[in-house]
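Visitor: Structure for this input, please:
(2 chains)
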Amino acid sequence: MPSSIPPPVITTDKLTKRFGHFVAASELTFQVDKGEIFGFLGANGAGKTTAMRMLCGLLKPSSGKATIAGFDVYTQTEKIKRSIGYMSQKFSLYDNLTVAENIRFYGGIYGMSIAEIRAKTAELLQELQLEKEAKTLVSDLPLGWKQKLAFSVSIVHNPDIVFLDEPTGGVDPVTRRQFWDLIYHAADRGVTIFVTTHYMDEAEYCNRVSIMVDGIIAALDSPTRLKQQFGLDNMEDVFYELARNAKRKAD
Amino acid sequence: MITLTNIKKTYNKGAVQALNDISFSVEKGELFGLIGPDGAGKTSLFRILTTLLLPDAGQATVDGCDVIKDYRQIRNRVGYMPGRFSLYQDLTVEENLNFFATVFGTTIKENYDLIKDIYQQIEPFKDRRAGKLSGGMKQKLALSCALIHKPSVLFLDEPTTGVDVVSRKEFWAMLKKLKQEGITILVSTPYMDEANLCDRIALVQKGDILSIDKPAGVVSSFPGELYAVRAANTHLLLQDVRSYPGTATCFAFGDALHVTFSSEAKDLKDYLHSKGHMDVSIVKIDPTIEDCFIHLLK
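Guide: Predicted structure coming up:
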């Protein structure tokens, strides 16, 4: 075996979650490589949230296998939680803590030492050009800055993978693109990006994209090959083609 | 049908400017879009027009009624679908609709024609509690409730936020039908691609109107020429096009970069070849609303 190719950071094999008779996620099988930007798309109710929760070690699967950063989703959930970062548009930072306090808080949660946190805080503030705002309450930051800070905080502990759940909802088009610059930057450093979005232009920025429909992965490939496969010009049309006949509309 | 004259609104004793001197009007039967990100002032504007919030200064009228003096008349005549789901979660679908009909002194039966197409899609679930509905179904119920008294003006605050592409298309098809019924619609959205579905739009950012026109008018006011640049590695291409001396602006748009140049970019292709991009294509394109918005942000 050549040792130069790192093993996949996420592998799943027929990963399934049932709630009673309802199969929320059915036999999901895929791999995500180190440093890959993986777009996880699906219609509302397709089972994305259920799948993400299993991958984050927050929900026990009904059957199938999965390892995240080499850890088993059944038995090593605490180790998984330490190896991943998570950010959603809805909740990520504490509004009534300052910028520096938020960084310190998350660093502490992830078990970083005081010295590490201090160094990381200085580094982040410089990178985000937020040095002057270190003592500003997060509630007083413009939304775009909050999103960027939230992303940086989610990878403060150098996780192998970061899960981004609709990270760019509601931000202006320039900030949205600056946010993707940050994502690329992190991926270049080897962080694996697992991202959901409703902006189909952002699907084009991913190395590979999976599209869930009614609990199954209906398509998985690079945006270029998906467009070729369906003979369509853009990812929005590919998504529409796959999802328009979805039976499930639950969230 | 809707007029605003020099409307101002601030919060925290003037510290936060939500709306800076906003003036525009919406014609009867028009489908008018407020396009802008969070914090643009869209919700403040809706709340002033639906008489739920007092402006600091300026005048506004809805269907000929003043938003301060005639607030009671306005409340009877408008339908409002707020951004946050605001129906009664522990009432069923049918109970919610009945409740709103009763409050406005009407019945479901009386205006069933207007909501039929929308309500029929959720009618199989009429005994389900609203809190147990999916996002797309909540959206349809909220729209039915906002329409049940046959309003002359409909206010929709980000009805498609967080909703997938399929449901978004369905929703806009419903709006088109309502417009044909003669209802004036003011709708806000952060999705720039939805702007093309409106008769006229206002691009808004931080309490200011950046541009107000028909979508085609906004697009035609884009200065200069815009090019789509493509190559295999978009991420590297972005850095390299930005470093090209003749580049004025360069933003990623899906699988292409949208680029404007400060000078004639004759040797761009050679420049990119020298950086290792082999399969470069450069095509002149028409700007989208999002291109215009980005341009106006500067």
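Visitor: Can you name the residues that contact the spatially closest residue to residue B:223 that is not a sequence neighbour?
Guide: In space, and not counting its chain neighbours, residue B:223 is closest to residue B:295: 7.4 Å by CB to CB, 6 or more residues apart in numbering or on different chains. C-beta coordinates here come from the backbone N, C-alpha and C atoms, glycine included. Residue B:295 makes contact with B:222-223, B:249, B:287, according to CB atoms under 8 Å, 6 or more residues apart in numbering or on different chains.
Visitor: now do residue B:53
Guide: Contacts of residue B:53 (CB under 8 Å, 6+ apart): B:9, B:44, B:47.
Visitor: who wins for neighbours among the residues you listed?
Guide: When neighbours are taken as other CB atoms under 10 Å in any protein chain shown, the top entry among the contacts of residue B:53 is residue B:9 (22 neighbours).
Visitor: hang on, the residue nearest to residue B:223 in a helix?
Guide: Yes - assessed by DSSP: H, G, I helix; E, B strand; the rest coil, residue B:295 belongs to a helix.
Visitor: still on that earlier bit, just name the closest of the contacts of residue B:295 to chain A, please.
Guide: Distance to chain A across the contacts of residue B:295 (CB to the nearest CB) is lowest for residue B:249, with 10.1 Å.
Visitor: was I right about residue B:291 contacting residue B:226?
Guide: Yes - judged on CB atoms under 8 Å, residue B:291 makes contact with residue B:226 at a distance of 6.2 Å.
Visitor: Would you convert the contacts of residue B:53 into CSV that also reports pLDDT, secondary structure and distance to chain A?
Guide: As requested, those are arranged in CSV below (pLDDT from 0 to 100; DSSP: H, G, I helix; E, B strand; the rest coil; distance: CB to the nearest CB, whole Å):
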residue, pLDDT, secondary structure, distance to chain A
B:9, 95, strand, 18
B:44, 95, helix, 15
B:47, 95, helix, 18
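Visitor: residues near residue 104, how many?
Guide: Reading this off chain A. 19.
Visitor: you looked at the wrong chain, it should be chain B
Guide: If we define neighbours as other CB under 10 Å, then residue B:104 has 18 of them.
Visitor: Contact partners for it?
Guide: Per CB under 8 Å, 6+ apart, neighbours of residue B:104: B:76, B:148-149.
Visitor: What backbone torsions are found at it?
Guide: When quoted as degrees, to the nearest 10, the phi and psi of residue B:104 stand at phi -90, psi 10.
Visitor: what is in contact with residue B:291 and residue B:226 at once?
Guide: Common neighbours of residue B:291 and residue B:226 (CB under 8 Å, 6+ apart) are residue B:258.
Visitor: which SSE is the residue lying closest to residue A:107 once chain neighbours are set aside in?
Guide: Nearest non-adjacent residue to residue A:107, counting by CB to CB, 6+ apart: residue A:117, 3.8 Å away. Using DSSP states H and E, the element containing residue A:117 is helix A:114-127.
Visitor: average pLDDT across that helix?
Guide: Helix A:114-127 comes out with an average pLDDT of 94.
Visitor: One more: stretch B:285-298?
Guide: Stretch B:285-298 comes out at a mean pLDDT of 92.
Visitor: Can you give me the buried ones in it?
Guide: Neighbour-count burial for stretch B:285-298, counted by 16 or more other CB atoms under 10 Å in any protein chain shown, picks out B:287-296.
Visitor: of all those residues, which two lie farthest apart?
Guide: B:288 and B:296 (12.9 Å; CB to CB).
Visitor: Test of understanding: give the bridge partners of residue A:193.
Guide: Under the criterion DSSP bridges, residue A:193 forms beta bridges with residue A:37, residue A:162.
Visitor: thinking it is in contact with residue A:37, fair?
Guide: Yes - using CB under 8 Å, residue A:193 is in contact with residue A:37, at 4.4 Å.
Visitor: where do the contact lists of those two overlap?
Guide: A:183, A:187.
Visitor: Tell me where chain A has helices.
Guide: Along chain A, the stretches classed as helices by DSSP state H are A:48-55, A:77-83, A:99-109, A:114-127, A:143-154, A:173-188, A:200-203, A:223-230, A:235-243.
Visitor: wait, the stretch 101-250 of chain B
Guide: For the stretch 101-250 of chain B, applying DSSP state H, counting those that start in this stretch gives helices covering B:112-119, B:135-147, B:165-180, B:215-220, B:234-243.
Visitor: So which bits of the stretch 101-250 of chain A are right by chain B?
Guide: Within the stretch 101-250 of chain A, the positions adjacent to chain B are A:142-143, A:166, A:169-175, A:177, A:180, A:184, A:198-201, A:204-205, A:223-224, A:234-236, A:239-240, A:243-244, A:246, A:249-250 by CB under 8 Å from any CB of the partner chain.
Visitor: check contacts around residue A:135.
Guide: Residue A:135 sits in contact with A:98-100, where contact means CB under 8 Å, 6+ apart.
Visitor: How confident is the prediction for residue A:3, by pLDDT?
Guide: 55.
Visitor: Nearest to the spatial middle of the chain, which residue is it?
Guide: This is for chain A. residue A:163 (2.2 Å; CA atoms, centre = their mean).
Visitor: actually chain B
Guide: Geometric middle of chain B (CA atoms, centre = their mean) lands on residue B:189, at 2.3 Å.
Visitor: residues touching that one, list them.
Guide: Counting by CB under 8 Å, 6+ apart, the residues that residue B:189 touches are B:33-35, B:158-161, B:195.
Visitor: Next: residue A:134.
Guide: Residue A:134 sits next to A:98-100, A:121, A:125 when contact means CB under 8 Å, 6+ apart.
Visitor: Out of the contacts of residue B:104, who's the most crowded?
Guide: Most surrounded of the contacts of residue B:104: other CB under 10 Å gives residue B:148, at 27 neighbours.
Visitor: Touching, that one and residue B:115? I think so.
Guide: Yes - between residue B:148 and residue B:115 there is a contact under CB under 8 Å: 6.3 Å.
Visitor: which residue sits closest to residue B:19, ignoring its sequence neighbours?
Guide: Leaving aside its sequence neighbours, residue B:19 sits nearest to residue B:9 (CB to CB, 6+ apart; 4.2 Å).
Visitor: ok, now which ones touch the one you found?
Guide: Residue B:9 touches B:17-19, B:41, B:44, B:48, B:53, B:55-56, B:207, counting by CB under 8 Å, 6+ apart.
Visitor: Those in strands, which ones?
Guide: Cross-referencing the contacts of residue B:9 against strands under DSSP state E gives B:17-19.
Visitor: Any chance of a markdown table for the residues you listed, columns pLDDT and neighbour count?
Guide: Below are the ones in strands among the contacts of residue B:9 laid out as a markdown table (pLDDT from 0 to 100; neighbours: other CB atoms under 10 Å in any protein chain shown):
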| residue | pLDDT | neighbour count |
| --- | --- | --- |
| B:17 | 89 | 17 |
| B:18 | 93 | 24 |
| B:19 | 95 | 26 |
